[in-house]
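Asks: Predicted model and sequence follow; I will ask about them next.
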Amino acid sequence: MKTFAAIDVGSYALELKIFEISTRNGIKEIDNVRYQLDLGTDSYATGKLGCDKLEELCRILKDFGRIMKQYKVDAYRAYGTSAIREIKNKMIVLDQIEQRTGIHIDTISNSEQRFLDYKSIACKETSLEEIMEKDTAVIDIGGGSIQLSLFENGTLVTTQNMKLGVLRLQESLNHLNARTSQYENLIDEMVSSQISVFKKLFLKDKSIKNLIVVDDYLSAIVDRKIAKIEGRVFDIPTAAQLMELMRTHSDRDLAKLLDVSEDSVHLAFISFVLVNRVCKATNVERIYVPDVTLCDGMAYEYGEENKLISIKHNFEQDIIACAKNISKRYMGSRKRSETLEQIAMNIFEAMKKIHGLDKRAGLLLRLAALLHDCGKYISLANLGECSYNIIMSTEIIGLSHTEREIVANVVK
């Protein structure tokens, strides 16, 4: 059995979760500490982190360090997401934090973050495979952006990132000096064009049955069961009731009713308007709001790497399916790609003793083989250059920015 700590340095809050992970009992959460700290507003607007915010961040991380010592954790991971990613002097700030707190923070790319959020659903949601038997969309709402992913027959078809995060939208609303009564219409205007484009490109005539919502805002109020929500699953009429309740009550009244802060209610409303807009575009029947955070995905990843848990879902296959769909979108030759993939992997396996590369490198080689000719959609003369640009401009969920660069350069 291992005791593992996961730290999420998010755009709106810092969270520490302590887990016990064992082959016998799987992943068991034993403690959860959460501090509200708005790093995103400064980061997105100025690309800097104010001195007062940095002081508060270090103070909280020192507290986390003390808690981890009390639990005698075997390992920990601390990940910074979009608010940390968008700081201009990121490396200096992270080095200063480590010097002052002893906690090393890794910055993860958007695709890595969303992949971990996806794993967190698998970690908590035992009926994930059953849910995804029907066509399913996953909306992952962050402070800086949202990620929309589509699944068909349990396999990832496409994923797209849009800079429509809750804190970004709130900053835009503040800039417009908008009244609360105007929020819904203004947010709808801001997001409609991008979601409409997403629908035209990827949904077309598809019927999406289920929507899974991963966020830090809406999930906090779903727990309160104010609209007869049982098991964190509700249908569209219930969602309409909840929307009406939030629309007709002030932030102060809702905060008292739900026993949460006014800020939380405000951000949850923005999050719910986003969900509502996606529901209209996809005609979903049911909405799932699993009680998961990035920390759960980090624990799942640690257990997976250390062979402490049994893996029910093949996440690697999702990455490959995503690459195949990118190739299909850009008119790549399926037969040629599969032949090239087979030849490349045969050589890779036969030369293992010589090259000494690991399984992950083999995955990157497969992706390069599958995407080798996607650039011909733009130009036959500059195939390599165009393929490189397509890969670097396309989200491949589960790959870091460096891994995406490797694939793009191999193709080039």
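Replies: All right, it came through fine.

Asks: which residues in the stretch 51-200 of the chain form strands?
Replies: In chain order, the stretch 51-200 of the chain shows strands spanning 75-80, 106-107, 136-141, 146-152, 155-162, with DSSP state E, counting those that start in this stretch as the criterion.

Asks: What pairs with the third one, parallel or antiparallel?
Replies: With DSSP bridges as the test, strand 136-141 is paired with strand 146-152 (antiparallel), strand 210-214 (parallel).

Asks: Could I get the CA-only coordinates of the last one as PDB?
Replies: The C-alpha atoms that make up strand 210-214 are tabulated as PDB, following Å, rounded to 0.1, in the frame of the first residue of the first chain:
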ATOM      1  CA  ASN A 210     -25.100  12.000 -22.300                       C
ATOM      2  CA  LEU A 211     -23.100  15.000 -21.200                       C
ATOM      3  CA  ILE A 212     -20.400  14.600 -18.500                       C
ATOM      4  CA  VAL A 213     -19.500  17.900 -16.800                       C
ATOM      5  CA  VAL A 214     -16.100  18.200 -15.100                       C
END
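
Asks: Would you mind identifying the next helix or strand past that strand?
Replies: Following the chain from strand 210-214 toward its C-terminal end, the next helix or strand by DSSP states H and E is helix 218-222.

Asks: for that next one, the distance to its chain's centre please.
Replies: The gap between where helix 218-222 is centred and where its chain is centred comes out at 17 Å by CA atoms, centre = their mean, to the nearest Å.

Asks: Please name every helix or strand in contact with that helix.
Replies: Under the contact criterion of 3 or more CB pairs under 8 Å, 6 or more residues apart in numbering; DSSP states H and E, helix 218-222 touches helix 262-282. Yep, even glycine has a C-beta here, placed from its N, CA and C like the rest.

Asks: Pull out the buried positions in the helix it packs on.
Replies: 264-279, 281-282 (16 or more other CB atoms under 10 Å).

Asks: tell me the average confidence for it?
Replies: Looking at helix 262-282 alone, the average pLDDT works out to 84.

Asks: Now do it against strand 210-214, angle only.
Replies: Using axes from the mean of the first three to the mean of the last three CA atoms, to 10 degrees, the interaxial angle of helix 262-282 with respect to strand 210-214 works out to 150 degrees.

Asks: re earlier: want to throw the strands of the stretch 51-200 of the chain into TSV with mean pLDDT?
Replies: Shown next, in TSV, are those (pLDDT from 0 to 100):
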stretch	mean pLDDT
strand 75-80	95
strand 106-107	93
strand 136-141	88
strand 146-152	86
strand 155-162	83
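
Asks: Export those strands as a markdown table, with columns for mean neighbour count.
Replies: Compiled in a markdown table, those are given as follows (neighbours: other CB atoms under 10 Å):
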| stretch | mean neighbour count |
| --- | --- |
| strand 75-80 | 20 |
| strand 106-107 | 16 |
| strand 136-141 | 23 |
| strand 146-152 | 23 |
| strand 155-162 | 20 |
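
Asks: wait, which of those strands is closest to residue 189?
Replies: Between residue 189 and the strands of the stretch 51-200 of the chain, the shortest gap by CB to CB is with strand 155-162, which sits at 14.5 Å.

Asks: Indicate which one of the strands of the stretch 51-200 of the chain is closest to residue 2.
Replies: strand 75-80 (6.8 Å).

Asks: other SSEs contacting the closest one?
Replies: strand 2-9, strand 106-107, helix 294-305.

Asks: and of those, who's closest to residue 85?
Replies: Using CB to CB, these put strand 106-107 closest to residue 85, at 5.5 Å.

Asks: Take the strands paired with strand 136-141 and write them to TSV, including distance to residue 305.
Replies: Supplementary listing: the strands paired with strand 136-141 in TSV, determined by distance: least, CB to CB, whole Å:
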stretch	distance to residue 305
strand 146-152	23
strand 210-214	22
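
Asks: For residue 367, which of those strands is the nearest?
Replies: Nearest of the strands paired with strand 136-141 to residue 367, taken as CB to CB: strand 146-152 at 17.6 Å.

Asks: closest to residue 17 out of the helices and strands packed on strand 75-80?
Replies: Counting by CB to CB, and looking across all of these, nearest comes helix 294-305 at 4.0 Å.

Asks: and for the helix or strand that that closest one is followed by, what are the contacting residues?
Replies: With elements assigned by DSSP H and E, the helix or strand that comes after helix 294-305 is helix 315-329. Helix 315-329 is contacted from outside by 115, 118-119, 122, 155-159, 334, 337, 363, 366-367, 370-371, 373-374, 390-391, 394, 396-399, using CB atoms under 8 Å, 6 or more residues apart in numbering.

Asks: For PyMOL, what selects the buried ones among the residues you listed?
Replies: PyMOL command restricting the contacts of helix 315-329 to the buried ones, with burial defined by 16+ other CB under 10 Å:
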select buried, resi 115+118+119+122+155+156+157+158+159+337+363+366+367+370+371+373+374+390+391+394+396+397+398+399
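
Asks: Next step: the contacts of helix 315-329 restricted to helices.
Replies: Where the contacts of helix 315-329 overlap with helices, as defined by DSSP state H, the overlap consists of 115, 118, 119, 122, 334, 337, 363, 366, 367, 370, 390, 391.

Asks: roughly how far apart are the nearest residue to the third one once chain neighbours are set aside and residue 98?
Replies: Take residue 119 and drop its neighbours on the chain: the residue closest to it by CB to CB, 6 or more residues apart in numbering is residue 297, 4.2 Å away. Residue 297 sits at a distance of 23 Å from residue 98 (criterion: CB to CB, to the nearest Å).

Asks: More neighbours: the two, which one.
Replies: Here residue 297 and residue 98 are set side by side on neighbour count (other CB atoms under 10 Å), and the busier one is residue 297, at 27 against 14.

Asks: I figured that one hits residue 114, correct?
Replies: No. Residue 297 is not in contact with residue 114 according to CB atoms under 8 Å; the separation is 9.5 Å.
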